[in-house]
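> Okay, predicted coordinates and the sequence, questions at the end:
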Amino acid sequence: MEQMDFAWISSPAIRGSVLLALSILAAFSYIARIRWLRTLVLIVSLAYLGIATATFFSIFHLAGSLSLRPPLLKYNPLWWELIIIVAIFTLSFGRIWCGYLCPFGALQEFLGRIVPLKVRPSSSVDRGLKFVKYGFLLVILGLFFATGKINLANYEPFTTLFIRRGSLLGWTLVGLALGAAAVGDRFWCRYFCLAGATLALISKMSLTRLRIAGECGSCSICPDGCPMGAFDTVKGIAHSECIGCNRCRNLCRENLVNLRLAWRRRAPSTDNFTKIGKT
């Protein structure tokens, strides 16, 4: 009996179409606050973008763009599709790639849901660790431009995991990242992801963001529920750290967290936070 050929499933055209469809569903889920749809998008992203086709945004895409030597469209159309789709949706909605479409982020989130034990660093340690990913990003890009060798960026655990090929060090990093994510919400995303750091910087220019409308109380439900530690009852929501998971919108008893246009009554600030106030 002749075996069926499933190679078409991973063709650039199919992968690009699935990526676009998932991005649209992610944006709709984010806007409409549909929890089951977000879970479905996460499952498909992990299964198809991660396990089946190893389609993900990484530091390699950023380095290729900044070097002004990207692959030719006719030889690697998927590279261009991924860059364009991620850029458009990040500039529109912030880091929804991280919160909905990243297969490694999805895997970390599912591990966190399964394992009940949670370890939370203090707020000061958490704030300090969040700068680590930006430091790594500068170092990696500096080394890349100094040497021209993109393999210096080959430390991303999702590359090793989904391509299913890597060094002992690479697989060790995969184990450590997933183990940490099981007991600490999205540990790799939160502190060490270079792709996440890149999208965090781009999201500063996004058209929409979550804002707190009115006086936020001291119940601490939203800060405790935020997997990225982006919610602060005093300072507000750190948009560059927010992945749009909508957990705060779903948890808030007073329905104070809403999606707004970025320029609508934007509070003057020198930090990354959307300050609390009437919108």
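Alright, I've got the coordinates. Residues are numbered from 1 along each chain as shown.
> what residues go with each domain of the protein?
Domain segmentation of the chain under automatic domain parsing yields 8-206, 207-274.
> Determine which of these shows the lowest mean per-residue pLDDT.
Ranked by mean pLDDT, the domains of the chain end with domain 207-274 at the bottom, a mean of 81.
> can I get the domains of the chain in TSV with mean neighbour count?
For glycine as for every other residue, the C-beta is placed from the backbone atoms N, C-alpha and C. Output for the domains of the chain, formatted as TSV (neighbours: other CB atoms under 10 Å):
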stretch	mean neighbour count
domain 8-206	18
domain 207-274	17
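> check which helix or strand covers residue 176.
If you go by DSSP states H and E, residue 176 is part of helix 168-183.
> which SS class is the residue nearest the centre of the chain?
Using CA atoms, centre = their mean, the residue of the chain that lies closest to the mean C-alpha position is residue 98, 1.6 Å off. Following DSSP: H, G, I helix; E, B strand; the rest coil, residue 98 is assigned to helix.
> Would you mind measuring from it to residue 104?
As judged by CB to CB, to the nearest Å, residue 98 and residue 104 stand 10 Å apart.
> ok, back up a step: show me what the helix holding residue 176 is packed up against.
Helix 168-183 sits against helix 103-114, helix 157-163, helix 187-191, with contacts defined as 3 or more CB pairs under 8 Å, 6 or more residues apart in numbering; DSSP states H and E.
> ok, and what's touching that helix?
Here helix 168-183 makes contact (CB atoms under 8 Å, 6 or more residues apart in numbering) with 107-108, 111-112, 114-115, 117-119, 154-155, 157, 159-161, 166, 187-188, 192.
> let's go with 6 Å and repeat that
Contact partners of helix 168-183, identified using CB atoms under 6 Å, 6 or more residues apart in numbering, comprise 108, 111, 115, 117, 119, 157, 160-161, 187-188.
> Quick check: the farthest pair among those?
Distance extremes for these: the farthest pair is 117 and 160 at 25.6 Å, using CB to CB.
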